[in-house]
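A.B. asks: What follows is a predicted structure for the sequence shown.
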Amino acid sequence: MIDCVLRGYLKGDLEAMFRLDEVCFTSQFRFTREMMRHSAEAAVARVVVAEKDKDLVGFCIAHVEQENMGYVVTLDVDPAYRRNGVAHLLMKCLEAECRDAGCLSMWLHVYTDNSAAIRFYERMGYRFLHIDKDFYGEGSDAMVYIRALNSA
């Protein structure tokens with residue numbers, strides 16, 4: 001497991017987060033700079049940033065929804081730091097923040113062809129609910145997953 005520091009979002013993180021999102025996702029799935037800012041700085045946002053030697057190596061964003069649910073907006077980890085526990089640490093911290101904000105569960109969308117992400121979320125205890133047709137655009141479906149937060 002990699003030794004990294006987890007912390008909250010700072011406005012100065014926006015550019016590094018945007019650049020990392022460009023590395024992590026193809027154009028179909030990327031955030032614009034404005035979408036990233038809006039997602040990270042929304043009043044309902046919970047953001048966890050992972051740093052290694054002062055460099056941003058990963059982050060995740062969730063929004064706390066009215067139904068006492070947290071929605072995972074995005075999870076990005078620098079490819080050089082993947083498979084070292086960074087995503088796991090980010091998600092556990094994000095889940096704890098959402099639980100502290102009153103969320104009883106977390107949910108998310110994952111592209112049906114993203115088998116690595118699907119395996120990751122299933123290992124994290126997320127369970128498949130249904131397919132959301134054309135969620136990412138025509139012909140690009142998403143799988144919807146949920147996880148109860150009453151068990152850490």
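C.D. replies: The structure has been received and is ready for your questions.
A.B. asks: Helix, strand or coil: sort out the nearest residue to residue 7 once chain neighbours are set aside for me.
C.D. replies: The shortest distance from residue 7 to any non-neighbouring residue, by CB to CB, 6 or more residues apart in numbering, is to residue 49 (5.4 Å). C-beta coordinates here come from the backbone N, C-alpha and C atoms, glycine included. When classified by DSSP: H, G, I helix; E, B strand; the rest coil, residue 49 comes out as strand.
A.B. asks: residue contacts, residue 49?
C.D. replies: If a contact means CB atoms under 8 Å, 6 or more residues apart in numbering, then residue 49 has 6, 7, 8, 9, 10, 13, 17, 56, 58, 59 as its contacts.
A.B. asks: beta partners of it?
C.D. replies: With DSSP bridges as the criterion, residue 49 is bridged to residue 7, residue 59.
A.B. asks: now swap in residue 71 and tell me
C.D. replies: Residue 71 has the following beta-bridge partners by DSSP bridges: residue 63, residue 107.
A.B. asks: Then residue 147?
C.D. replies: Beta-bridge partners, per DSSP bridges, of residue 147: residue 106.
A.B. asks: helix or strand for the most centrally placed residue in the chain, which one?
C.D. replies: Centroid-nearest residue in the chain, with CA atoms, centre = their mean: residue 75, separated by 2.7 Å. In this assignment (DSSP states H and E), residue 75 forms part of strand 69-77.
A.B. asks: angle of the following helix or strand past that strand against strand 69-77?
C.D. replies: Counting by DSSP H and E, the next helix or strand C-terminal to strand 69-77 is helix 86-100. Angle between the axes of helix 86-100 and strand 69-77 is 160 degrees (criterion: axes from the mean of the first three to the mean of the last three CA atoms, to 10 degrees).
A.B. asks: Let me see the mean pLDDT of helix 86-100.
C.D. replies: The average pLDDT within helix 86-100 is 94.
A.B. asks: same check, this time on stretch 120-132
C.D. replies: 95.
A.B. asks: Could you work out the end-to-end span of that stretch for me?
C.D. replies: Using CA to CA, to the nearest Å, the end-to-end distance of stretch 120-132 comes out at 19 Å.
A.B. asks: which residues touch it?
C.D. replies: With contact meaning CB under 8 Å, 6+ apart, stretch 120-132 is reached by 87-88, 91, 106-110, 112, 141-147, 151.
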